[in-house]
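Chemist: Generate coordinates for the sequence data below:
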Amino acid sequence: MRDFVSQRVRSIPPSGIRRFFDISATMHDVISLGIGEPDFVTPQPILQAGIRAFEQGQTHYTSNSGTAELRQAVSLYLERLYGIHYDPETEILITVGVSEALYLALAAMINPGDEVLVPEPCFVSYTADVMLTGGVPVVIGTTVEDEFQVRAADIERAITPATKALLIGYPNNPTGAVLTPERLHEIAAVAERHDLFVISDEIYDRLVYGIKHTHFATLPNMRSRTLVLGGFSKSHAMTGWRLGYAVGPAEIIAPMRKVHQYLIMSAPTTAQIAIAETLLTVDEDVEEMRCEYDRRRRLLVDGLNEIGLTCFEPRGAFYAFPSVRASGLDDETFCEKLLLEERVAVIPGSAFGASGAGFVRACYATAYEKLEEALERMSRFMQRYG
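Modeler: Numbering: from 1, shown residues only. Alright, predicted model coming up:
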């Protein structure tokens, strides 16, 4: 029989994080610092709005763009947070999480052979989605010496006549890095100088510590050449609701909507209704979760440094990204041995790109007491290998 699998799909490697989830799922007493998911339950006002929607029989399709109420709420939400206005009719698209929004953006923009610049370490979907949509990912490495902030000069050096877009994700998964205002302005200047479009994944915008998040489209001359991706999975503890959004120029949102209507039809109705009713009223709940993440962040980062797993200070998201050099092990071996010997699950940094080799991602979206126990187990581990 013929081989029916496409070369495009065959060329994409499997996710480097899945193997450790599969192993840990078969074991008892594992403390998982692996999965990037809040351990909080969705705030009660959102839950109650969702229950009401079910009880009222609001279980049908919505507009391809998303409900008018949610698009209006997102518009007001972003205007309140960042002082930028998006037209709910033409510049906002509601999607099935940021994952769908990213695929739609690339599908709408990329022609075969177009290059997309992707700083790494980065979320595992970035380069895969570029390849799935026919583009060529051009990886730009970052270093711990720069706290994993991509340099504008490195972006500029990677530009060729085939370069069409820059895909960035800050606050960053997996490192927790946040770009300084100076770096942001330098990157914006490069994008304008070389006529690049910027896709900015800002799913962790509400999870920053001691600093203020910058919405990339608010930078000088960036609104017309930036698509910002956002959502509620992380900040509002709504991963299972599968709801995100894209905001940007109408000429990019329109073709995204075209792909969306054929691929998905519409995002989950109940989730749209629930967050539309509550988005502008649950800031206190979001802030409570952010403060607790900050408390856990300080515990984990300080603890990792104390046991010899040196870690720069992550200023966003809910990840620490320590070096495992002191263990004498590479990052994959470190993760496998730590899981099997001490039942603590972390993810190899190399799963997020070559720049992540020698580091591991540890997620602190788990209970404070579990983090304390995880640190004790990791300390025992480092006494043997450090």
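
Chemist: Now residue 43. Nearest residue, chain neighbours left out?
Modeler: The spatial neighbour of residue 43 that comes closest, neighbours along the chain excluded (C-beta to C-beta, 6 or more residues apart in numbering), is residue 285 at 3.8 Å. For glycine as for every other residue, the C-beta is placed from the backbone atoms N, C-alpha and C.

Chemist: do the same with residue 97
Modeler: In this structure, residue 97 finds its nearest non-sequential neighbour in residue 244, 4.5 Å apart by C-beta to C-beta, 6+ apart.

Chemist: what's the answer for residue 98, then?
Modeler: Taking C-beta to C-beta, 6+ apart as the measure, residue 98 lies nearest to residue 244, with 4.2 Å between them; neighbours along the chain are not counted.

Chemist: ok, the one you found to residue 50 distance?
Modeler: The gap separating residue 244 from residue 50 is 16 Å, by C-beta to C-beta, to the nearest Å.

Chemist: what comes up buried for stretch 328-344?
Modeler: Residues of stretch 328-344 classed as buried: 329, 331, 332, 334, 335, 338, 339, 342, 343, 344 (neighbour count, 16 or more other C-beta atoms under 10 Å).

Chemist: returning to what we had before: give the bridge partners for the residue nearest to residue 98, please.
Modeler: Using DSSP bridges, the beta-bridge partners of residue 244 come out as residue 95, residue 231.

Chemist: so it makes contact with residue 96?
Modeler: Yes: contact criterion C-beta atoms under 8 Å: residue 244 and residue 96 qualify, at 7.0 Å.

Chemist: Now for the two: what residues contact both?
Modeler: Each of residue 267 lies in contact with both residue 244 and residue 96 under the rule C-beta atoms under 8 Å, 6 or more residues apart in numbering.

Chemist: what's residue 141 sitting at in phi/psi?
Modeler: Backbone torsions of residue 141, given as degrees, to the nearest 10, read phi -80, psi 150.

Chemist: let me redo that: residue 61
Modeler: Dihedral angles phi and psi of residue 61 (degrees, to the nearest 10) take the values phi -60, psi 150.

Chemist: Could you measure from it over to residue 258?
Modeler: The value you get for residue 61 to residue 258, if C-beta to C-beta is used, is 17 Å.

Chemist: Could you check which of these two is surrounded by more residues?
Modeler: Per other C-beta atoms under 10 Å, whichever of residue 61 and residue 258 has more neighbours is residue 258, with 14 against 8.

Chemist: Just to check, that one is in contact with residue 107?
Modeler: No: distance between residue 258 and residue 107: 9.3 Å, which falls outside the contact criterion (C-beta under 8 Å).

Chemist: element containing the closest residue to residue 112 other than its chain neighbours?
Modeler: Setting aside the residues directly before and after it, residue 112 is nearest to residue 134 in space (C-beta to C-beta, 6+ apart), at 4.3 Å. Using DSSP states H and E, residue 134 sits within no helix or strand.

Chemist: residue contacts, residue 134?
Modeler: Applying C-beta under 8 Å, 6+ apart, the residues contacting residue 134 are 8, 110, 111, 112, 113, 114.
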